[in-house]
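1. compute the structure for the input listed below.
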Amino acid sequence: MIRVTQTISIAESEIEERFVRSSGPGGQNVNKVATGVQLRFNAAGSPSLSEPVRRRLAALAGGRMTQEGILIIDARQFRTQEQNRRDALDRFIALLRKAAQPPKRRYATRPSAASRSRRLESKRRKSQTKRTRGPLRRGEDQ
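-> Model (predicted):
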């Protein structure tokens with residue numbers, strides 16, 4: 001079991017890892033060894049996640065989640081398979097922790113009297129500046 005938060009634990013059987021060839025430096029190793037990791041997690045079918053967490057996870061994951069609700073995390077940063085596995089798992093857990101936190105409730109506030117007066121004063125100044133920019137009329141100094 002992978003402990004994400006106090007209330008969320010993911011069974012290791014729910015996570016699938018696929019190993020792919022990584023691009024980048026590595027010499028001859030690049031073409032021979034599959035060091036990149038593709039972590040797959042079926043968020044839509046997971047009994048470990050509640051519906052609100054699932055919705056927030058889908059919103060946070062964006063393009064990393066398929067239409068079927070499968071979260072895919074690619075890790076190809078390191079040269080070794082083990083480091084990439086650890087990286088993918090860490091990123092997965094961080095994403096789940098962020099999705100597990102409900103958003104803070106937003107309270108309606110009003111602008112202060114001082115901020116309103118500053119805003120109106122700046123509008124008056126801009127208006128005055130623009131009024132004086134117009135073309136000169138007959139009888140006015142040049």
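
2. how about the contacts made by residue 7?
-> residue 100 (CB atoms under 8 Å, 6 or more residues apart in numbering). Heads up, the C-betas are built off the backbone N, CA and C, glycines and all.

3. that one looks like it's in a helix, true?
-> No. Under DSSP: H, G, I helix; E, B strand; the rest coil, residue 7 sits outside any helix and is assigned coil.

4. so what pLDDT did the residue nearest to the spatial centre of the chain get?
-> For the chain, residue 60 is the residue whose C-alpha lies nearest the centre (CA atoms, centre = their mean; 5.0 Å). According to the prediction, residue 60 has pLDDT 85.

5. phi first, then psi, for it.
-> phi -70, psi -40 (degrees, to the nearest 10).

6. quick check: it touching residue 100?
-> No. Counting by CB atoms under 8 Å, residue 60 does not reach residue 100; the two are 10.5 Å apart.

7. show me where this protein has its helices.
-> Under the criterion DSSP state H, the chain contains helices at 29-32, 51-61, 81-100, 113-131.

8. how near is the residue nearest to the centre of the chain to residue 133?
-> Noted for residue 60: a distance of 48 Å to residue 133, by CB to CB, to the nearest Å.

9. so where is the chain shaky, pLDDT-wise?
-> 4, 6, 9, 22-32, 139-142 (pLDDT under 70).

10. ignoring the adjacent residues along the chain, who's closest to the residue nearest to the centre of the chain?
-> residue 99 (5.5 Å; CB to CB, 6 or more residues apart in numbering).
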